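# give the three-dimensional model of this entry:
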Amino acid sequence: MAILPVIDLGALWVGDVPLSPTRADFVDETGTAVQISGYASWSAYMLSPVGEVLGTLTGSEHGQHLEFTWPTTTILETPGVHTIVVTFFDTPGNVEIQCEPWKFIVQDIDGWLSLEQARAQWADAPLDDVFLFQLLDTAKEQCVAYAPALLVGAPVPARYIQAQLTQARALYQSTIANQADNVGIEGFTVRVFPLDFTIRAMLRPKKAIGGMF
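The predicted structure follows:
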């Protein structure tokens, strides 16, 4: 039986320290609540976007949910997709029961779209933070690769941000079409979709050429 954590943590920012306690409920693949009080013990830890263990989460068990206490030294320093891994231990023999990894987003203030800004401009944006982050991050990478390089410390132009949003929407539509050539993180895929003419024009607008008088 697969056990899936359900945690209402939301998207965080670089430099945040998660509030304690954080509640984690658990359901099976049908969405039915799992009674975790029957397990002998449990453990939980957090991974950075590159798989580095950032710390162990402690806490208490309350029937169908856990309440995590975050280490006071846990400061989120790297933007990207973070992961919480929970393991239950059953008896006899202290058998491990691995939960599905739970992922959450840590954002950076870099001048590009945040999840909140994207949703304010895109009414049908995906509700899942991880999926939307992946769309925005992929679109940003594609825009940066095509657009003229910005000077260090220069603000991101509004047309770059608009291009990012437009490309993210195009990527999302490509996933709905369920076509081939997919790349992505576990649980989600985003089809590699080239920048169209409109987006390229946002990033590299053509300059007018003076005519004859």
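
# spatially central, which residue of the chain would that be?
In the chain, the residue lying closest to the centroid (Cα atoms, centre = their mean) is Val130, at 2.8 Å.

# just name the shakiest helix or strand of this protein by mean pLDDT.
One helix or strand of the chain scores below all others by mean pLDDT, DSSP states H and E: strand 182-183, with a mean of 46.

# doesn't the residue nearest to the centre of the chain lie inside a helix?
Yes. Judged by DSSP: H, G, I helix; E, B strand; the rest coil, Val130 forms part of a helix.

# grab the nearest non-local neighbour of it.
Lys103 (5.0 Å; Cβ to Cβ, 6 or more residues apart in numbering). The C-beta positions use only the backbone N, C-alpha and C, and glycine is treated the same way.

# I'd like the average pLDDT over the host helix or strand of that neighbour.
Element membership for Lys103 (DSSP states H and E) is strand 102-107. What strand 102-107 shows for mean pLDDT is 94.

# my guess is Ala11 contacts Asp108. True?
No. Ala11 lies out of contact with Asp108 (Cβ atoms under 8 Å); the separation is 11.2 Å.

# ok, which stretches of the protein are strands?
Secondary structure of the chain (DSSP state E): strands at 4-7, 12-13, 22-27, 41-47, 53-62, 65-69, 80-90, 95-98, 102-107, 182-183, 190-191.

# what is the orientation angle of the longest one with strand 53-62?
If I follow you right, that is strand 80-90. Orientation check (axes from the mean of the first three to the mean of the last three Cα atoms, to 10 degrees): strand 80-90 against strand 53-62 gives 50 degrees.

# how close does Thr73 get to Asp28?
34 Å (Cβ to Cβ, to the nearest Å).

# repeat for Arg200
From Arg200 to Asp28 the distance is 47 Å (Cβ to Cβ).

# so between these two, which is more surrounded?
Ranked by neighbour count (other Cβ atoms under 10 Å), Arg200 and Asp28 place Arg200 first, with 16 against 12.

# which one is the more buried one nearest to, not counting chain neighbours?
When the adjacent residues along the chain are set aside, Arg200 lies closest to Tyr146, with 6.5 Å between them (Cβ to Cβ, 6+ apart).

# can you check Thr22 too?
Using Cβ to Cβ, 6+ apart, the nearest residue to Thr22 is Phe68, at 4.5 Å.

# what pLDDT does the one you found get?
What the model reports for Phe68 is a pLDDT of 89.

# and what of Pro126?
94.

# in the chain, where is pLDDT below threshold?
Counting by pLDDT under 70, the chain has low-confidence residues at 1, 92-93, 177-193, 208-213.

# try it again with 80
Low-confidence segments of the chain (pLDDT under 80): 1, 19-20, 71-75, 91-95, 175-194, 197, 206-213.
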